[in-house]
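Enquirer: Quick one: sequence plus predicted model below, questions after.
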Amino acid sequence: MLEPYEVRGRFAPSPSARMHLGNLWSCLLAWLAARSAGGSIVLRLEDLDPDRCRQEYCDQVMRDLEWLGLDWDGEPVYQSRRTEAYAAAFRELERQGVGYPRLLYTSPSPRDRQKTRM
């Protein structure tokens with residue numbers, strides 16, 4: 001017999017500009033799927049491109065969703081603030097011997113990245 005599980009949906013826009021209809025459609029589908037199953041929804045802001053992502057766009061995404069009545073559970077998750085959690089997960093995978101080699105970028109600019117293997 002299967003164990004019961006919690007349904008968790010997520011909407012993960014890249015806050016590099018105002019939302020468009022495709023963003024809203026994706027959010028609506030995730031929201032409806034999660035809520036109709038009694039689940040929760042996470043707003044995860046993919047703010048990893050410092051050259052393009054701005055806090056004002058994050059704020060606008062949240063205002064737009066609130067205006068549409070599309071709520072989320074808990075605080076919004078900003079990907080840029082989770083780097084230590086990801087690094088810890090990578091270290092644990094490496095400790096277990098199941099991690100893949102990863103590429104590190106020596107330059108913060110996406111235009112002139114130099115890849116180095118770690």
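Expert: Received the coordinates, thanks. Note that the structure is a prediction, hence the values are computed from the model and not measured. Residues are numbered from 1 along each chain as shown.
Enquirer: drop to CA atoms for contacts and neighbour counts, all remaining ones
Expert: OK.
Enquirer: Spatially central residue for the chain, please.
Expert: The residue lying closest to the centre of the chain (CA atoms, centre = their mean) is Arg44, at 3.8 Å.
Enquirer: which ones are touching that one?
Expert: Taking CA atoms under 8 Å, 6 or more residues apart in numbering, we find Arg44 in contact with Arg10, Phe11, Ala12, Pro13, Pro76, Val77, Tyr78, Gln79.
Enquirer: Need phi/psi at the second one.
Expert: This points to Phe11. phi -120, psi 130 (degrees, to the nearest 10).
Enquirer: Isn't it up against Ser26?
Expert: Yes: assessed by CA atoms under 8 Å, Phe11 is found in contact with Ser26 at 7.2 Å.
Enquirer: neighbour-wise, which of these two wins?
Expert: Each of Phe11 and Ser26 has its neighbours counted (other CA atoms under 10 Å); Phe11 has more, 20 against 14.
Enquirer: Adjacent strands (with direction) for the longest strand along the chain?
Expert: Longest strand in the chain, counting residues (DSSP state E): strand 40-45. Neighbouring strands of strand 40-45 in its sheet, by DSSP bridges, are strand 8-11 (parallel), strand 77-78 (parallel).
Enquirer: Quick check: next helix or strand after the last one?
Expert: Scanning the chain past strand 77-78 towards its C-terminal end, the next helix or strand to appear is helix 83-96 (assignment: DSSP states H and E).
Enquirer: and that next one, how far out from the chain's middle?
Expert: How far helix 83-96 lies from its chain's middle: 18 Å, per CA atoms, centre = their mean, to the nearest Å.
Enquirer: Quick check: which helices or strands does that helix pack against?
Expert: Counting contacts by 3 or more CA pairs under 8 Å, 6 or more residues apart in numbering; DSSP states H and E, helix 83-96 is packed against no other helix or strand.
Enquirer: Then Tyr57 would be within a helix, right?
Expert: Yes: judged by DSSP: H, G, I helix; E, B strand; the rest coil, Tyr57 forms part of a helix.
Enquirer: surely it meets Glu46?
Expert: No: using CA under 8 Å, Tyr57 is not in contact with Glu46, being 11.2 Å away.
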